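J.: The sequence and its predicted three-dimensional model are supplied below.
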Amino acid sequence: MRNGYLYGLFDFPMTRIQDELITSIQSALLNLFQIENADVVLQETKKEFEGTFTFVVFPFTKQAGMAPPQIAQKIGEYVLENLHGISKFQVVQGFLNFSLADIIWAEALISLQNDPKPYHLASKNEKILIEYSSPNTNKPLHLGHLRNNFLGFSVAQILQAGGYEVIKTNLVNDRGIHICKSMLAYQKMGQGETPSTSGIKGDHLVGKYYVAFDKAYKAEMEVLIAQGVDPEKAKSQAPIMMEAQAMLLAWEQGDAEVIRLWEMMNEWVLSGFEKSYAQMGVRFDKIYRESNTYLLGKKIVDEGLQSGTFFKKEDQSVWINLEAEGLDEKLVLRKDGTSVYITQDMGTAQLKFEDFGAKKSVYVVGNEQDYHFEVLFHILKKLQKPYSFGNYHLSYGMVDLPSGKMKSREGTVVDADDLMAEMVQTARERTTELGKIEGFSAAELDALFNQLGLGALKYFLLKVDPKKRMLFNPLESIDFQGNTGPFVQYTHARICSMIRKAKEQAIDFQLENMNETELIASEQELIYLLGMYKARIEEAAAQYSPAVITQYAYDVAKQFNKLYNEVSILNEENAIKRNIRLTLADLTGKTIREAFELLGIQSPERM
RNA sequence: GGUUCCGUAGCUCAGUUGGAUAGAGCAACUGCCUUCUAAGCAGUAGGUCUUUGGUUCGAAUCCAAACGGAAUCACCA
């Protein structure tokens, strides 16, 4: 049960009444029961009871020396008499429920409408850098990457709305042994095919050879094992693996032919990724490439060696001892002098700081790398880097299939491009079936199907708490009804339609003389929710969680639809009531649009 | 085996400093389109919150143990 504390809006009437209510209850406890400095916390009143704020009196029974309902009754009477904004109270066991006076609701609505900066928190005057996506250039993107990209983009949007200056970065892992694997397989089996000769999107073409390498590698291992070689040794002794390692060394030494192959294949992959990113709707301020940062990483290793933070073993490999931190020894440079994953991360961290000077840095990377980031952050601290204290690993859960984890090498993945295309196609079918698309041009229809399909997909992936692993069943299509993106989009379109009609009828829905107007519960609840917007942004930013926003957007849409079905809005005969409702509808539509903006989801005006 | 995380309705998920009869959506069933978009609304049914102990006026929530699952402990990234 949340405590229901609204904030964010300066002088928001509901925030004020909430504070006043707390003070009044404290005063009641003092005057009636001689309880000093009571820690009074209010909660939202549960839906099935009348009221807005609830005070739980159980904790005070001993001190008050009275049964809970009697305490509640006495406090209720005291507050009712002393606080104008409270219109009534009800006691249910030890729960004291307060209802707010109509004037408070009226003031709250007016305040919402007049807020000059309704959808952003005050600037925190702080830069925060967020790294997400971070693909490997040896295979196409899959469903796991979609979660990463949507999450990273959304968290960036949320932090921005939360008052930070946000820099979005992408670290492309474009070098390393895994890249050499697809290069080598292509060299052996590619027969010169290219994206244009094969008609295969570049990233998919390269991915094909990554899978081919793994297949050949496994075959060779089997042969070795059949010859009696120890399976562990077979892993490193398979000829094709040794060739890949040789290729990596050649790459680091600048071998012209290897570099040329690498550049060509990376180009294929990256142009493929660009198309995928465009379809996802994600953007970056700066793209880093591991091939440009690993040397800086090596330099940092040298520095660390000199300062004694790192040490060298007999075989020339370089390590750090993190046993004092509760971890173990960790390799930072191979014996052959080539860099490992964490080497380049040190370089990238340094480069980012030089480029932007942000003290805070968020890494959106799956929870399978928890240990890696723990190590990295410890290393940066031991190196006494100025950017070593604001690091946060946004560790999100894997997307699992019913059969278990997705594995690129084994081909058990849901491809990102395919899935997005399927979602758009499903949107097309659903929308066509419903037949509400008269007057749309072909281009408008395509845009709509994209917005709906991607909206459904993004919402589906973002509504789950990022930290938790989630399940995707390819056999069950993602819903367009219920707690989904299209449901919220639909509510938005419905509101837009109504506002359009109001304008056509030249209705100017100004709020005047509404002070004595009694609002029904559904209207009050909607005002309450709209007043929570900034609090939710703050919460989502603090938790790095778009799920907070999806839940909020759903609550708002749900509440509006409830109101929509209960009363007439545009057709309400009482002009004051009609204007109140149109104002509410208008604010609801804008709030949904803004909230969805934070999720990277577009809100169509018609659908 | 060590470390970390998780176990809530048939399925997918909410449930933030402990509070009322544990909530949504999907799937099932019942109603509601001569009025503002039915991708909607209202309702029925569905639960030993994995189990057992403990703390407390009160536990899905905190503590301990057991059981079940996942990740990680690479000179892969």
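T.: Here it is on my side, so go on.
J.: Let me see the domain layout of chain A.
T.: Per the record, chain A has its domains at A:13-100, A:132-400, A:416-599, by automatic domain parsing.
J.: Any chance of those in JSON lines with mean pLDDT as columns?
T.: Shown next, in JSON lines, are these (pLDDT from 0 to 100):
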{"stretch": "domain A:13-100", "mean pLDDT": "92"}
{"stretch": "domain A:132-400", "mean pLDDT": "94"}
{"stretch": "domain A:416-599", "mean pLDDT": "94"}
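J.: Determine which of these approaches RNA strand B most closely.
T.: Between RNA strand B and the domains of chain A, the shortest separation by Cβ to the nearest atom of the strand is 1.9 Å, and it involves domain A:416-599. Placement of C-beta: from N, CA and C, glycine included.
J.: How about A:Gln344: what's its closest non-neighbour residue?
T.: A:Tyr294 (4.0 Å; Cβ to Cβ, 6 or more residues apart in numbering).
J.: Contact residues of the stretch 1-150 of chain A facing RNA strand B?
T.: Taking Cβ under 7 Å from any atom of the strand as the measure of proximity, the stretch 1-150 of chain A contacts RNA strand B at A:1-3, A:41, A:43, A:45-46, A:48-49, A:54, A:56, A:58-59, A:92-95, A:97, A:136.
J.: Put the buried members of those residues into a PyMOL selection.
T.: PyMOL command restricting those to the buried ones, with burial defined by 16 or more other Cβ atoms under 10 Å:
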select buried, chain A and resi 43+45+54+56+92+94+95+97+136
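J.: rewinding a little: looking at the domains of chain A, spot the one closest to A:Lys117.
T.: domain A:416-599 (9.6 Å; Cβ to Cβ).
J.: From the chain's centroid, how far away is that closest one?
T.: What separates the centre of domain A:416-599 from the centre of its chain is 18 Å, taken as Cα atoms, centre = their mean, to the nearest Å.
J.: ok, A:Thr491 to A:Lys534 distance?
T.: Computed as Cβ to Cβ, to the nearest Å, the A:Thr491 to A:Lys534 distance reads 21 Å.
J.: Quick one: residues contacting A:Ala244.
T.: Applying Cβ atoms under 8 Å, 6 or more residues apart in numbering, we find A:Ala244 in contact with A:177, A:180-181, A:184, A:213.
J.: and the residue nearest to it when sequence neighbours are not counted, how many neighbours does it have?
T.: Distances taken as Cβ to Cβ, 6+ apart place A:Cys180 nearest to A:Ala244, at 4.6 Å, with adjacent residues excluded. A:Cys180 has 26 neighbouring residues, counting by other Cβ atoms under 10 Å.
J.: contacting residues for A:Cys180?
T.: Counted by Cβ under 8 Å, 6+ apart, A:Cys180 has contacts A:244-245, A:247-248, A:251.
J.: what does A:Leu529 give?
T.: By Cβ under 8 Å, 6+ apart, the contact list for A:Leu529 reads A:552, A:555-556, A:559.
J.: repeat that for 6 Å
T.: A:555-556, A:559 (Cβ atoms under 6 Å, 6 or more residues apart in numbering).
J.: In ChimeraX, how would I select the buried members of these?
T.: The following ChimeraX line selects those of the contacts of A:Leu529 that are buried, judged by 16+ other Cβ under 10 Å:
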select /A:556,559
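J.: Switch the contacts of A:Leu529 over to a markdown table; also include secondary structure.
T.: Shown next, in a markdown table, are those (DSSP: H, G, I helix; E, B strand; the rest coil):
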| residue | secondary structure |
| --- | --- |
| A:Asp555 | helix |
| A:Val556 | helix |
| A:Gln559 | helix |
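J.: ok, the contacts of A:Leu529 vs A:Leu448, which is closest?
T.: A:Val556 (21.9 Å).
J.: Tabulate the domains of chain A (TSV), appending distance to A:Arg606.
T.: Output for those, formatted as TSV (distance: least, Cβ to Cβ, whole Å):
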stretch	distance to A:Arg606
domain A:13-100	32
domain A:132-400	20
domain A:416-599	6
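J.: out of those, which comes closest to A:Met607?
T.: Closest to A:Met607 of the domains of chain A, according to Cβ to Cβ: domain A:416-599, at 4.3 Å.
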